[in-house]
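Engineer: Take a look and give me a structure for this.
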Amino acid sequence: MTDYFKIDSLKRALIVGLAALTLTACSGGDSAKPTSATGSNSEYLVPNDHVTGSPDAPVTVVEYASVACGACAGWHNQVYPEFKKKYVDTGKVRYVFREYVTGVPEYADAGFMIALCAADENYFKNIAFQFKRFNQIMKMGQQGKARDAYIGIAKSAGLSEDEFVTCMQNQELRDQYKAKMQTGVDMGVTATPAFFINGKKEKVYTLETIEDVILPLLGEPIPDRTAETDAEAPETKAE
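Structural biologist: Below is the predicted model of the structure:
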């Protein structure tokens, strides 16, 4: 297990620093189960996807993100709750989360593996928990306590410390998420968060920019925001 939290990784976490805790892109409470590419709009799904929302939704939003990415944490903590409430929970949008390693690779791998080893129905809850704890995880990494941080995350997901160790050795699950990551590489993803709406890559870092794309697809008018300024975040590049 110490292989996942070497001194080099901790040094890398220090480089990430406080700047990564904001909506700066990363390089390099839901329930859902993995799904095969079947059902409505199945052309937007790949095997072992984690999906939430109605399978009959006319819009599918696929996000490639990393639990070790500050920009991803910012989007999930600041934008996703309202997006989910307005569009996913109402059956208008189906949302897909795909693992993509950016930020501190060892941290991303450990976080993804815990979410995949735990009960499928808690996958989205665990991902959300990690994004909410992002600052704390990075701080613990700077203090040389990254392993303790991820043991705590594992326990919150219902895994014992021994199960956490076993989980980190599960190459089959690791290959599953890497296969999904490869689909992003094939589609031109080089940074996170990256979004595809009905198969088309879009820069949608705010709720307003998301609405500008999905409302026409839903046949709904775009609100007049002449007094508003849309903010965009740079992306974090995969390593």
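
Engineer: Which of the helices or strands spans the residue lying closest to residue 154 once chain neighbours are set aside?
Structural biologist: Nearest in space to residue 154, with sequence neighbours left out and distances taken as CB to CB, 6 or more residues apart in numbering, is residue 164 at 3.9 Å. For the C-beta atoms, the positions are set from N, CA and C on the backbone; glycine is no exception. With elements delineated by DSSP states H and E, residue 164 resides in helix 161-168, which encompasses its position.

Engineer: What lies in contact with that helix?
Structural biologist: Under the criterion CB atoms under 8 Å, 6 or more residues apart in numbering, residues 1, 4, 110, 113-114, 117, 150-151, 154-155, 159, 173 lie in contact with helix 161-168.

Engineer: Selection in PyMOL covering whichever of those residues are buried, please.
Structural biologist: Burial among these is assessed by 16 or more other CB atoms under 10 Å; the matching PyMOL selection reads:
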select buried, resi 4+110+113+114+117+150+151+154+159+173
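
Engineer: Of the contacts of helix 161-168, which one scores lowest on pLDDT?
Structural biologist: For those, the least confidently modelled position is residue 1, at 41, judged by pLDDT.

Engineer: Of the contacts of helix 161-168, which belong to strands?
Structural biologist: With strands identified by DSSP state E, none of the entries of these belong to them.

Engineer: want to try TSV for the contacts of helix 161-168, with distance to residue 55 as columns?
Structural biologist: As requested, the contacts of helix 161-168 are arranged in TSV below (distance: CB to CB, whole Å):
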residue	distance to residue 55
1	38
4	36
110	31
113	27
114	27
117	26
150	33
151	36
154	31
155	33
159	29
173	24
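
Engineer: Stretch 134-149: end-to-end distance?
Structural biologist: Length of stretch 134-149, first residue to last, CA to CA, to the nearest Å: 10 Å.

Engineer: can you tell me the helix or strand for residue 60?
Structural biologist: Short version, using DSSP H and E: residue 60 is in strand 59-65.

Engineer: for that strand, packing partners?
Structural biologist: helix 70-78, strand 93-99, strand 194-197, helix 207-218 (3 or more CB pairs under 8 Å, 6 or more residues apart in numbering; DSSP states H and E).

Engineer: In the chain, which helix is the longest?
Structural biologist: Among the elements of the chain assigned as helix by DSSP state H, the one spanning the most residues is helix 171-186.

Engineer: so is the nearest residue to residue 97 once chain neighbours are set aside in a helix, a strand, or just coil?
Structural biologist: Leaving aside its chain neighbours, residue 97 sits nearest to residue 50 (5.2 Å; criterion: CB to CB, 6+ apart). Recorded secondary structure, residue 50: strand (DSSP: H, G, I helix; E, B strand; the rest coil).

Engineer: Tally up the residues packed near residue 50, please.
Structural biologist: Residue 50 has 22 neighbouring residues, counting by other CB atoms under 10 Å.

Engineer: Check the gap between it and residue 178 for me.
Structural biologist: 15 Å (CB to CB, to the nearest Å).

Engineer: Ok, residue 147 next?
Structural biologist: Separation of residue 147 from residue 178 (CB to CB) stands at 22 Å.

Engineer: try residue 215
Structural biologist: With distances defined as CB to CB, the gap from residue 215 to residue 178 amounts to 35 Å.

Engineer: center of this structure - which residue?
Structural biologist: By CA atoms, centre = their mean, the chain has its centre lying nearest to residue 65, at 3.6 Å.

Engineer: Quick check: that one touching residue 80?
Structural biologist: No. Counting by CB atoms under 8 Å, no contact exists between residue 65 and residue 80, whose distance comes to 9.9 Å.
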